[in-house]
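Asks: Generate coordinates for the sequence data below:
(one chain, ligands or ions: 3)
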Amino acid sequence: MAVNLLLGLQWGDEGKGKIVDVLTKDYDIIARFQGGPNAGHTLEFDGIKHVLHTIPSGIFHDNVINLVGNGVVIDPVIFKKELDNLEQYSIDYKSKLLISRKAHLILPTHRLLDAASEAAKGKAKIGSTLKGIGPTYMDKTGRNGIRVGDLELTDWKTRYQNLADKHKAMIDFYDAEIEYDLAELEKEFFEAIEVLKSLTIIDSEEYLYQAQKAGKTILAEGAQGSLLDIDFGTYPFVTSSNTTAAGACTGLGVAPNQIGEVLGIFKAYTTRVGSGPFPTELFDEDGETMGRVGNEFGATTGRSRRCGWLDLVALKYAVQINGVTQLMMMKGDVLSGFKTLKICTAYKYKGETITHLPYNIEEENISPIYTEVAGWASDLTKMSDPSEFPEELNAYITFLEKELETPITIVSVGPDRTQTIHRTVAV
Ligand code: GDP
Ligand code: IMO
Ligand code: MG
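Replies: Ligands and ions are numbered 1, 2, ... in the order given. Next up is the predicted model:
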């Protein structure tokens, strides 16, 4: 069976957690392929809201395997907290949560290095979630990292110490005013390592290969979004992994010719948390309304998310880079009540009109060119069928499908699992 992918197409927080949870009933395995606890994936059902950081979003379903792939970076301390939160739901995670031996570990000193690096950058800071993501991926590509599989080696603590000592020297080099009690951080780290070691640790690429051969259905869950991709995002204001489709191949060991549907998820407007360019950002009442109605606060850091109109130039780029075959539009309900909606369909770039994403989208180079469409007044949150959609919403959807040359197969109208409307379109 082919492996389907679900990816965020903007700057993250598109609603990946919600949709993975909705789609899990159709799959045997949900596999996270990159990122780490910088992610915050929200699921809502039966009146309860759950936020997952490292654990895949299929964990609440019975008879589904949830796999943390080799491309993910794991902070044992945060991972343990996530497991502790699941305790009350009697989830048998020993049998249905699998972890790749090749996933890298986030050490306490990686987190400190993240903080020191950001402090040293001053105004130019990335706006990192400070979870140690950048330093951990740096050690991975620098060939210094510690992997989950290393915990089975007798000398792993010596390796830990050598790496932590190196990090301490680097933290001193930054000369940033970071206060920390490493002994305390290490205590909770080593406690959490014991929990991690008690879980089911596997050679995940082999597992997935055999699962595919046996006809199992697999959905790969992405974290962050395409515009935060280390290669194709708004560098340097990006995360440190490939968030795009190719990242699923390297982050799980799945061959490119085994990829089936690429499900691209986007909000009906745009948000961004952290620093970096955002051409359609709003600083007015409209942006404030989106943030308030959409409850746009980071699921990991609680920071308020910057809001703006839908950027179709950037979205087209993401559809193209990922080879998206189906789109899912989230949070259309948040736009109810806007008389007019704006969609950025081109940029004014250095005096010219362009429709592709250029190398540099800093605001001094770019201003968005908008197409205006009529908004809808009705509340979408109680709707359950496309036949109930207001005419203006249908027009919005049709416009986007035409521009993006890709069908929108799901329209989400609220945070709950049930507030999900499937559209039958010829794929
Ligand atoms: P993720 O990182 O892509 O999983 O997304 P987040 O969980 O960080 O952010 C999405 C937020 O929007 C969460 O608070 C969700 O509960 C919420 N959400 C998801 N879909 C919808 C929707 O269609 N309408 C509304 N109003 N909220 C939604
Ligand atoms: P999910 O999976 C939104 C952003 C941070 C920062 C930049 C780098 O929930 O969509 P990092 O901690 O990775 O070094 O931060 O990337 N960022 C996210 N923004 N959603 C996320 O994940 C994000 N993960 C990282 O805010 O700007
Ligand atoms: Mg999120």
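
Asks: Residue 254: what's it in contact with?
Replies: Neighbour list for residue 254: 3, 205, 208, 212, 218, 220, 248 [criterion: Cβ atoms under 8 Å, 6 or more residues apart in numbering]. Where C-beta positions appear, they are placed from N, C-alpha and C, glycine not excepted.

Asks: closest to residue 122 among the residues you listed?
Replies: residue 248 (35.3 Å; Cβ to Cβ).

Asks: Okay, and the closest one sits in which element?
Replies: Residue 248 is part of helix 245-252 when elements are defined by DSSP states H and E.

Asks: Once you drop chain neighbours, what's closest to residue 61?
Replies: Leaving aside its sequence neighbours, residue 61 sits nearest to residue 24 (Cβ to Cβ, 6 or more residues apart in numbering; 4.6 Å).

Asks: picking that back up, ok, which of the contacts of residue 254 also contact ligand 2?
Replies: Checked against ligand 2 using Cβ under 6 Å from any ligand atom, those yield no neighbours at all.

Asks: Show me those residues that map onto strands.
Replies: Under the assignment DSSP state E, those contribute 3, 218, 220 to strands.

Asks: among those, who's most crowded?
Replies: The residue in the ones in strands among the contacts of residue 254 with the most neighbours, by other Cβ atoms under 10 Å, is residue 220 (32 neighbours).

Asks: show me the contacts for residue 266.
Replies: Contacts for residue 266 (Cβ under 8 Å, 6+ apart) come out as 8, 9, 10, 14, 310, 315, 318, 327, 328, 329, 330.

Asks: near ligand 1, which of these show up?
Replies: By Cβ under 6 Å from any ligand atom, the members of the contacts of residue 266 lying near ligand 1 are 8, 14, 330.

Asks: Filter the residues you listed down to just the ones in helices.
Replies: Among these, no member is found in helices (DSSP state H).

Asks: Closest to residue 338 out of those?
Replies: Nearest to residue 338 among those, with distances taken as Cβ to Cβ, is residue 330, at 16.2 Å.

Asks: can you give me the strands in the stretch 151-300 of the chain?
Replies: Counting by DSSP state E, counting those that start in this stretch, the stretch 151-300 of the chain has strands at residues 200-202, 218-221, 259-267, 270-272.

Asks: For the ones you listed, give me TSV that also has mean pLDDT.
Replies: Output for these, formatted as TSV (pLDDT from 0 to 100):
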stretch	mean pLDDT
strand 200-202	98
strand 218-221	98
strand 259-267	98
strand 270-272	98
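
Asks: Number of residues surrounding residue 49?
Replies: Neighbour count of residue 49, defined by other Cβ under 10 Å: 11.

Asks: Show me what it bridges to in the sheet.
Replies: Listed beta-bridge partners, residue 49: residue 44 (assigned using DSSP bridges).

Asks: circling back to that earlier point, now the angle between strand 259-267 and the helix holding residue 248, please.
Replies: Helix 245-252 runs at 120 degrees relative to strand 259-267, counting by axes from the mean of the first three to the mean of the last three Cα atoms, to 10 degrees.

Asks: ok, residues contacting helix 245-252?
Replies: Taking contacts as Cβ under 8 Å, 6+ apart, the residues outside helix 245-252 that touch it are 3, 5, 7, 31, 33-34, 67, 69-72, 204-205, 208, 220, 222, 229, 241-242, 254-256, 259, 262, 321-323.

Asks: Kindly recompute the last result at 6 Å.
Replies: With Cβ atoms under 6 Å, 6 or more residues apart in numbering as the test, helix 245-252 has contacts from 5, 31, 33, 34, 69, 71, 208, 220, 256, 262, 322, 323.

Asks: The closest residue to residue 378 other than its chain neighbours and ligand 1: what is the separation?
Replies: Distances taken as Cβ to Cβ, 6+ apart put residue 390 closest to residue 378, at 5.0 Å, once the chain neighbours are dropped. Applying Cβ to the nearest ligand atom, to the nearest Å, the value for residue 390 to ligand 1 is 16 Å.

Asks: and the nearest residue to residue 234 once chain neighbours are set aside, how many residues sit next to it?
Replies: Nearest residue to residue 234 in three dimensions, chain neighbours excluded: residue 276, at 5.0 Å (Cβ to Cβ, 6+ apart). Residue 276 is flanked by 20 other residues according to other Cβ under 10 Å.

Asks: Which residue is the nearest non-sequential neighbour of the closest residue to ligand 3 within the stretch 201-350 of the chain?
Replies: For the stretch 201-350 of the chain and ligand 3, the shortest gap (Cβ to the ion) falls at residue 299, measuring 4.5 Å. Excluding its sequence neighbours, the residue lying closest to residue 299 (Cβ to Cβ, 6+ apart) is residue 40, at 2.7 Å.

Asks: coming back round to it: tell me, how many residues neighbour the residue nearest to residue 378?
Replies: With other Cβ under 10 Å as criterion, residue 390 counts 17.

Asks: Residue 123: which of the contacts of helix 245-252 is nearest?
Replies: If you rank these by distance to residue 123 using Cβ to Cβ, residue 34 comes first, at 28.5 Å.

Asks: what's the pLDDT at that closest one?
Replies: In this model, residue 34 is scored at 98, pLDDT.

Asks: can you check residue 426 too?
Replies: Value for residue 426, per-residue pLDDT: 58.

Asks: Sketch out the helices for the stretch 1-150 of the chain, chain order is fine.
Replies: Counting by DSSP state H, counting those that start in this stretch, the stretch 1-150 of the chain has these helices, from start to end: 16-23, 76-86, 93-96, 108-121, 133-141.

Asks: Point out the other helices and strands that the third one packs with.
Replies: Think helix 93-96. Applying 3 or more Cβ pairs under 6 Å, 6 or more residues apart in numbering; DSSP states H and E, we find helix 93-96 packed against no helix or strand.

Asks: mind listing what's buried in that helix?
Replies: Neighbour-count burial for helix 93-96 flags 93, 96 (criterion: 16 or more other Cβ atoms under 10 Å).

Asks: Also the longest one?
Replies: Of the residues in helix 108-121, those buried under the neighbour-count criterion (16+ other Cβ under 10 Å) are 108, 109, 110, 111, 112, 113, 114, 115, 116, 117, 118, 121.

Asks: who are the neighbours in contact with the residue of the stretch 201-350 of the chain closest to ligand 3?
Replies: Shown in contact with residue 299 (Cβ under 6 Å, 6+ apart): 40, 42, 51.

Asks: Mind doing that once more with 10 Å?
Replies: 12-13, 17, 39-42, 49, 51-53, 273, 305 (Cβ atoms under 10 Å, 6 or more residues apart in numbering).
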